[in-house]
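Q: Sequence plus predicted model, see below.
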Amino acid sequence: MPTLGVNIDHIATIRQARRTVEPDPIAAAVLAELAGADGITAHLREDRRHIQDRDIRLLRETVRTHLNLEMAPTDEMVAIALEVKPDYVTLVPERREEVTTEGGLDIVGQTERLAKVVDRLQSAGIPVSLFIDAERSQIEASAKIQAQFIELHTGTYAEAPDEASRAAELEVLTHGCQWALSLGLRVNAGHGLTYWNVYPVASIPGMEELNIGHTIISRAALVGLERAVREMKHAMRGE
Ligand SMILES: CC(=O)[C@@H](O)[C@H](O)COP(=O)(O)O
Ligand SMILES: NCC(=O)COP(=O)(O)O
């Protein structure tokens, strides 16, 4: 059964709605860990729409499980990662006008550039995960540039319009995970997972960590963060 990385971006979304100081993502990370989160994920976006640089620096000081910094593969973000030293970095695609991440990073189309970013981070002792679609070519390219992890984009699975297409997407994720493991990659997954769709993905053999945010924070707004995290841990076990 995979571990749970709680993405606290949307605690910061609520704070930024008023450009104020609450709710504090740092407090949210503490509560999430107390409730059983195995890791904390935070996405420092180029436009700082939610997580701020201050949040990342304080999370580094306070997270007791492990800190996953999601970021675009830019010089600015690499410099921040090298300074803060998260437990691992997940490289994700970003477009300023996107509402949320729309797909996986194109490793095949920018292999040389991303190889340099992966090397800079991993040479500094920061393992790198590449957020990709479960396509064989992207998985092979990720192994070629020697990333330690991939994170399979589960958005297409999550947004599947019916049971048949969802089952087909689950097969794609399962085969992608198996292929990645055969190439020596470690495998995480995330994006769009909810209490209702998480169990089949959590059941994929070899899946190491699921990064889940929006659905947990949405439930936390109604029942509290500790309960929302505990219920996600149960949902991942099919309970
Ligand atoms: C890569 C991914 O799917 C998420 O981890 C990402 O953080 C989504 O971006 P927002 O949190 O800004 O929606
Ligand atoms: N990488 C996925 C993540 O961290 C959270 O995505 P979501 O659950 O907020 O869609």
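A: Received, thanks. Ligands and ions are numbered 1, 2, ... in the order given.

Q: Against which helices or strands is the strand or helix carrying N188 packed?
A: N188 is part of strand 186-190 when elements are defined by DSSP states H and E. Packing partners of strand 186-190 (3 or more Cβ pairs under 8 Å, 6 or more residues apart in numbering; DSSP states H and E): strand 3-7, strand 128-132, strand 149-153, helix 163-182, strand 207-212. Heads up, the C-betas are built off the backbone N, CA and C, glycines and all.

Q: who in this protein is up against ligand 2?
A: For the chain, the residues in contact with ligand 2 (Cβ under 6 Å from any ligand atom) are 7, 41, 151, 190-193, 211-215.

Q: got any ranges where the chain has weak pLDDT?
A: Along the chain, no part satisfies pLDDT under 70.

Q: Note down every partner strand of the strand holding N188 and its orientation.
A: Its sheet considered, strand 186-190 pairs with strand 149-153 (parallel), strand 207-212 (parallel) by DSSP bridges.

Q: Establish whether the next helix or strand after that strand and ligand 1 are in contact.
A: Using DSSP H and E, the helix or strand that follows strand 186-190 in sequence is helix 198-202. No. Using Cβ under 6 Å from any ligand atom, helix 198-202 stays clear of ligand 1, with a minimum separation of 13.4 Å.

Q: and helix 198-202, how far out from the chain's middle?
A: 15 Å (Cα atoms, centre = their mean, to the nearest Å).

Q: And the contacts of that helix?
A: Here helix 198-202 makes contact (Cβ atoms under 8 Å, 6 or more residues apart in numbering) with 1-2, 154, 157, 170, 173, 189, 193, 207, 210, 212, 232, 235-238.

Q: And it, what's buried?
A: Under the neighbour-count criterion of 16 or more other Cβ atoms under 10 Å, helix 198-202 has 198, 201-202 buried.

Q: gap between the two ends of stretch 196-206?
A: Using Cα to Cα, to the nearest Å, the end-to-end distance of stretch 196-206 comes to 21 Å.

Q: begin at 122 from here
A: Noted, 122 is the first residue going forward, which turns the last one into stretch 317-327.

Q: Find out how far it is from the centre of the chain, if you would.
A: The answer for stretch 317-327 is 15 Å, by Cα atoms, centre = their mean.

Q: now do stretch 239-251
A: 16 Å.

Q: got it, and stretch 268-287?
A: Centre to centre, stretch against its chain (Cα atoms, centre = their mean), the figure for stretch 268-287 is 13 Å.

Q: do stretch 231-239 as well
A: 20 Å.

Q: Mean neighbour count and distance to V151 added to the helices and strands packed on strand 307-311, as a markdown table?
A: A markdown table is the format used below for those (neighbours: other Cβ atoms under 10 Å; distance: least, Cβ to Cβ, whole Å):
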| stretch | mean neighbour count | distance to V151 |
| --- | --- | --- |
| strand 124-128 | 26 | 11 |
| strand 249-253 | 26 | 24 |
| strand 270-274 | 28 | 24 |
| helix 284-303 | 16 | 31 |
| strand 328-333 | 24 | 18 |
